[in-house]
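Colleague: model this:
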Amino acid sequence: MDEFLATKKVQVVFTGTEYIRKKTMTDIYSQIVDKERLSRLILIVQSNMTAFARKELEKCPYKVEIIKLNDLVVNVTKHVLQPKFEVLTADEKQELLKKYKIGEKQLPHMLRTDAIASYFGLERGQVLKISHSGEMFNSLVTYRYVV
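Modeller: You can find the predicted model right below:
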């Protein structure tokens with residue numbers, strides 16, 4: 001694990017209140033230190049992004065996450081009414097699909113832009129286990145496939 005931490009870096013950039021254009025993205029790239037070891041770029045945004053700026057993101061050799069500043073105001077996983085979330089491993093996902101004899105796309109979907117998916121940094125194809133408990137029922141488990 002120490003080797004991973006020594007070789008991989010995550011950079012967080014606050015983009016400010018300006019409308020995000022292609023030039024904004026090129027300015028951000030030029031300011032990135034140690035590009036070779038960067039594995040993830042997290043952009044904290046307050047405004048909208050042009051289509052050209054989004055196209056620029058697709059050229060990145062590392063994962064880029066966009067998080068809206070308003071989503072950081074409240075930790076959505078700590079709310080009293082929020083169920084428990086657990087990201088399934090690839091093996092657990094295969095066991096689930098085999099148990100219910102279904103394809104992964106037959107599971108209920110969750111968008112990658114969902115606040116919970118952003119919080120966990122989920123990628124397309126991952127499965128999230130959601131455990132509900134409360135006064136109405138003892139326990140209820142559902143799953144979501146990230147699209």
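Colleague: Could you use CA atoms for every contact and neighbour count after this?
Modeller: Will do.
Colleague: looking at the protein, which helix or strand does the model trust least?
Modeller: The helix or strand of the chain with the poorest confidence is helix 2-7; it has a mean of 53 (mean pLDDT, DSSP states H and E).
Colleague: What residues does Gln46 make contact with?
Modeller: Listed by Cα atoms under 8 Å, 6 or more residues apart in numbering, the contact set of Gln46 reads 15-18, 68-70.
Colleague: Recalculate using a threshold of 7 Å.
Modeller: Gln46 sits next to 16-17, 68-69 when contact means Cα atoms under 7 Å, 6 or more residues apart in numbering.
Colleague: Need the phi and psi values for it.
Modeller: phi -120, psi -10 (degrees, to the nearest 10).
Colleague: any weak-confidence spans in this protein?
Modeller: 1-7, 136-137 (pLDDT under 70).
Colleague: So the residue nearest the centre of it versus Ile67, what's the distance?
Modeller: Nearest residue to the geometric centre of the chain (Cα atoms, centre = their mean): Gly121, 2.6 Å. Counting by Cα to Cα, to the nearest Å, the separation of Gly121 from Ile67 is 10 Å.
Colleague: can you check Lys84 too?
Modeller: For Lys84 relative to Ile67 (Cα to Cα), the value is 22 Å.
Colleague: do Leu41 as well
Modeller: Taking Cα to Cα, one finds Leu41 at 11 Å from Ile67.
Colleague: for Ala115, same thing?
Modeller: Taken as Cα to Cα, the span from Ala115 to Ile67 is 9 Å.
Colleague: With Gln106 instead?
Modeller: Gln106 is 28 Å from Ile67, by Cα to Cα.
Colleague: Run through the neighbouring helices and strands of the strand or helix carrying Arg144.
Modeller: Counting by DSSP states H and E, the element that carries Arg144 is strand 140-146. Packing contacts for strand 140-146, counted by 3 or more Cα pairs under 7 Å, 6 or more residues apart in numbering; DSSP states H and E, involve strand 109-110, strand 127-132.
Colleague: can we see that at 10 Å?
Modeller: strand 84-87, helix 90-100, strand 109-110, strand 127-132 (3 or more Cα pairs under 10 Å, 6 or more residues apart in numbering; DSSP states H and E).
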